[in-house]
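> have a look at this prediction, sequence included:
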Amino acid sequence: MSDQARALYIDVYSDVICPWCYVGKRRLERALNGWNGSVPVKISWKPFQLNPAMPKSGMDRRQYLDAKFGGPEAAQSIYDHVAAAGTAERIPFAFDRIARTPNTFAAHRLIWLAGHQGKQDEMVEMLFRRYFVESSDIGNVETLAQAAADVGLDRTAIEAFLAGDEGGNEVQAEEAAGRRLGIRAVPYFVINGTSVLSGAQPPEEFLAAFREIEVGSVVGKAGA
């Protein structure tokens, strides 16, 4: 069995304005912290825009809630549930402070670039925090450039990158691949191309999937 087969490759389809994706990230991290498996783990963050038709400049948050839920009151019970899950994962969601719902295409391009510079997970974490905790407009180029600088990327280079279209085709291709998998909601975790977990599953579900794959890898290695 190849070295690649004896590893855990986790593709995480998500959007940085998806609160359950932030919760799912924390639960995946808890699972990995509690796992003592013998194979390495490699995580790749994949784009999935919840609002692909969103105007490039984004939308007023109140207008967005009106269109999606019928108004903020209708959304309150949903967000209360997410906030409770966030509290359990030490995520201090500040939904009431968010002023705009952004177009996330530029953010996904930035995540793609960060992946090529060994900073992808840090970039995803930073964007989640900027949006859900600090209520920043992560569709804004200046906000994205500062977030990139804060994880150690060169701000001048990032500003030039965001001013162009590099990575756009790649992000579109990755998102299209996810939709061909039948993904309709995120987070969506694909482990070694075969095992799938949909939604912000508890750590126990991740651990069960890891063990199943690890056992299969050991068996395959023994029979190689």
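Alright, I've got the coordinates.
> got a list of what the nearest residue to residue 188 once chain neighbours are set aside touches?
Spatial nearest neighbour of residue 188, chain neighbours left out: residue 13 (4.2 Å); criterion: Cβ to Cβ, 6 or more residues apart in numbering. Heads up, the C-betas are built off the backbone N, CA and C, glycines and all. Contacts for residue 13 were tallied using Cβ atoms under 8 Å, 6 or more residues apart in numbering; they are 46, 47, 48, 178, 183, 186, 187, 188, 189, 190.
> among the residues you listed, which ones are in strands?
Residues of these located in strands (DSSP state E): 46, 47, 188, 189, 190.
> out of those residues, which is most surrounded?
residue 47 (26 neighbours; other Cβ atoms under 10 Å).
> quick one: residues contacting it.
Contacts of residue 47 (Cβ under 8 Å, 6+ apart): 13, 15, 104, 108, 111, 112, 171, 174, 175, 178.
> find the nearest non-adjacent residue to the second one, please.
The spatial neighbour of residue 15 that comes closest, neighbours along the chain excluded (Cβ to Cβ, 6+ apart), is residue 50 at 4.7 Å.
> for residue 146, same thing?
That would be residue 155: by Cβ to Cβ, 6+ apart, it lies 7.2 Å from residue 146.
> what residues are up against the one you found?
Shown here is residue 155, whose contacts under the criterion Cβ under 8 Å, 6+ apart are 145, 146, 148, 149.
> residue 204: which of those residues is nearest?
residue 148 (34.5 Å; Cβ to Cβ).
> isn't that closest one right next to residue 114, touching?
Yes - taking contacts as Cβ atoms under 8 Å, residue 148 lies within contact range of residue 114: 7.2 Å.
> residues contacting the residue nearest to residue 15?
Counting by Cβ under 8 Å, 6+ apart, residue 50 touches 15, 17, 18, 104, 186.
> farthest-apart pair in the residues you listed, please.
Top of the distance list for the contacts of residue 50 (Cβ to Cβ): 104 and 186, 11.5 Å.
> which neighbours do those two share?
The contact sets of residue 104 and residue 186 overlap at 15, 50 (Cβ under 8 Å, 6+ apart).
> same drill for these two, tell me which one is more crowded.
residue 104 (26 against 23).
> distance of that one from residue 192?
Distance from residue 104 to residue 192, counting by Cβ to Cβ, to the nearest Å: 27 Å.
> ok, residue 185 next?
21 Å.
> residue 103 now?
Counting by Cβ to Cβ - residue 103 and residue 192 are separated by 32 Å.
> ditto for residue 152
Taking Cβ to Cβ, one finds residue 152 at 29 Å from residue 192.
> more crowded one of those two?
Neighbours were counted for residue 152 and for residue 192 using other Cβ under 10 Å; residue 192 has more, 19 against 12.
> just to check, the more buried one is in contact with residue 8?
Yes - if you go by Cβ under 8 Å, residue 192 and residue 8 touch, sitting 6.5 Å apart.
> which neighbours do these two share?
Common neighbours of residue 192 and residue 8 (Cβ under 8 Å, 6+ apart) are residue 213.
> so where is the chain shaky, pLDDT-wise?
Within the chain, the segments meeting pLDDT under 70 span 1-5, 216-224.
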